[in-house]
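Trainee: sequence first, then the predicted structure, then my questions.
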Amino acid sequence: MGQGQPLLRIGRKHSFACMDKDQTVTFYMEPELCESAQAGKHNFIGKVAGVMSRAGLAVRFVPFGRNVPEGNGWSMSHIKSPPDAQGLCFRRVYHYPFWQIENSAERWAWDVAQAAFEPDPAETKETARFYGFWQNRLFGEALQAPRRDGFIYVPLQGKLTEHRPFQICSPLEMVEHCLAQTIQPVIATLHPNESYDRGEIAALKKLKKAHDRLTVQTGGMEVLLAGCDYIVT
C-alpha cells in the first residue's frame, strides 16, 4: 500500500461477517466529521463505506453530540465506544493515514496494546525505511540533531484534574510529581485541539504560581521534542 493510502488495523476478533445483505451500517460521528463523510471528502471513511456498499450493505452517516445514541443495528462509532455488541469503534492512530478498528474505544485494551513486542529481524530493513520516512514527514529537520537543553517536556492532553482508568494519576498530579522528583525546569504544554474549562486552567495557574521552575504554553511540540532532556507523559 502506498505511503499516502489509509492504513488500518482490525483486531482479530472484530468482524461484520454475520451481516445479512439487507442490513444497514450506521457511522456515528461528530457533526463536522459527519458532514465531511456525507460530502464524500473523508478518504478513510469513504473507503470503508465503499467496501461495505460493494458487499451489498446500506451505509448511513449520523452525527452525535456528547454521546453516541443507543444502539439500533450494526454501527461504526468514531472514538467513542460502540453503543452495543453490534458496533465497532474506529479512530485515527495519532497521524494520518493510520486508523484502527476495534470493539472498544479503550486503547489500553486493544489487541496491539496487549501483544508482546517481538520484532522480526527479517523486517529490520523495512522498519528502518518506514521509521525514516515518517520521521522526516512528521518532523522534518527538527529532530535530525536532538539536544539536551536541560528541561523536561510534559505534553498534556485533556481532563487535567481527572484520574481516568488508564492513568495512574491525573495530568495535573503528574506535573506535581514531576516537579517534586526533579530539579530541572519543566515545560508543560496544553494541547492545541483541547478545550479546557476554567477550573482546569485555574488549577494549572495555581501550580505554576507555586513553582517558578514550571512554564506553561500551548503547542510547540517539534521544538520541545528536539531540545528536552526527556519527556513525561
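Mentor: Ah, there it is. Numbering: from 1, shown residues only.
Trainee: buried residues, the longest helix along the chain. List them.
Mentor: In terms of residue count, the longest helix belonging to the chain (DSSP state H) is helix 124-139. Within helix 124-139, no residue is scored as buried using 16 or more other CB atoms under 10 Å. In this view, the C-beta of every residue, glycine as well, is placed from N, C-alpha and C.
Trainee: so that it lines up with my notes, have the first residue be 36 from now on.
Mentor: Noted, 36 is the first residue going forward, which turns the last one into helix 159-174.
Trainee: which residues sit against the next helix or strand after it?
Mentor: Heading C-terminal from helix 159-174, the first helix or strand you meet, by DSSP states H and E, is strand 187-190. Contacts with strand 187-190, where a contact means CB atoms under 8 Å, 6 or more residues apart in numbering, come from 209-210, 213, 217, 219-224, 226, 256, 259-260, 263-268.
Trainee: buried ones in whichever helix or strand comes after strand 187-190?
Mentor: Following strand 187-190 in sequence order, the next helix or strand is helix 206-216 (DSSP H and E). Buried residues in helix 206-216, counting neighbours by 16+ other CB under 10 Å, are found at 206, 207, 209, 210, 211, 213, 214.
Trainee: break this structure into its domains for me.
Mentor: Domain ranges of the chain: 42-142, 187-266, per automatic domain parsing.
Trainee: out of those, which gets the lowest mean score?
Mentor: When the domains of the chain are ranked by mean pLDDT, domain 42-142 comes last with a mean of 84.
Trainee: what about residue 169, distance to residue 103?
Mentor: 31 Å (CB to CB, to the nearest Å).
Trainee: which element is the residue nearest the centre of the chain on?
Mentor: Nearest to the mean C-alpha position of the chain, by CA atoms, centre = their mean, lies residue 129 at 4.4 Å. For residue 129, there is no enclosing helix or strand under DSSP H and E.
Trainee: swap in residue 94?
Mentor: Short version, using DSSP H and E: residue 94 is in strand 93-98.
Trainee: so what secondary structure elements neighbour that strand?
Mentor: strand 59-64, helix 66-73, helix 78-89 (3 or more CB pairs under 8 Å, 6 or more residues apart in numbering; DSSP states H and E).
Trainee: sheet-wise, list the partners of the first one with their directions.
Mentor: Strands flanking strand 59-64 in the sheet, each with its direction: strand 93-98 (parallel), strand 109-113 (parallel) (DSSP bridges).
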